[in-house]
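Colleague: Whatever this is, show me its structure:
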Amino acid sequence: MEITDGVHWAEQYMRDRTFKAYHMGKPSKGKWNVRKGLLCLDYGKPGPECKEVWLSDSKVEFRDPGSGMPAVDGVLQKQQARQ
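Modeller: Numbering: from 1, shown residues only. Below you'll find the predicted structure:
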């Protein structure tokens, strides 16, 4: 599956705990895991980025921990072929 806004970015999460991200057409990759109920993405930079994930049907919101406000929102869909 992937999460995307349909235009600017998409993130594909694999079962082996790796991910591929496409932001404004620029690909990157890394590893993901769950820590204390937060989705943490490690791009290889110092320290992973961790977010709360809120899901309602196919709508997904990433939130900064404790903020209650969406930092990024998108939709969950089947993976698309990307370059």
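Colleague: so what's the spatially most central residue of the chain up against?
Modeller: Geometric centre of the chain, nearest residue: residue 11, 5.2 Å, by Cα atoms, centre = their mean. Each residue near residue 11 by Cβ atoms under 8 Å, 6 or more residues apart in numbering is listed here: 2, 3, 4, 19, 20, 21, 22. Placement of C-beta: from N, CA and C, glycine included.
Colleague: and which of those residues is nearest residue 51?
Modeller: The nearest member of the contacts of residue 11 to residue 51, counting by Cβ to Cβ, is residue 3 at 11.2 Å.
Colleague: For the helix or strand where the closest one lies, name the packing helices and strands.
Modeller: Per DSSP states H and E, residue 3 falls inside strand 2-4. In terms of contacts (3 or more Cβ pairs under 8 Å, 6 or more residues apart in numbering; DSSP states H and E), strand 2-4 is packed against strand 9-13, strand 70-77.
Colleague: Since that was my last question, I'll sign off now.
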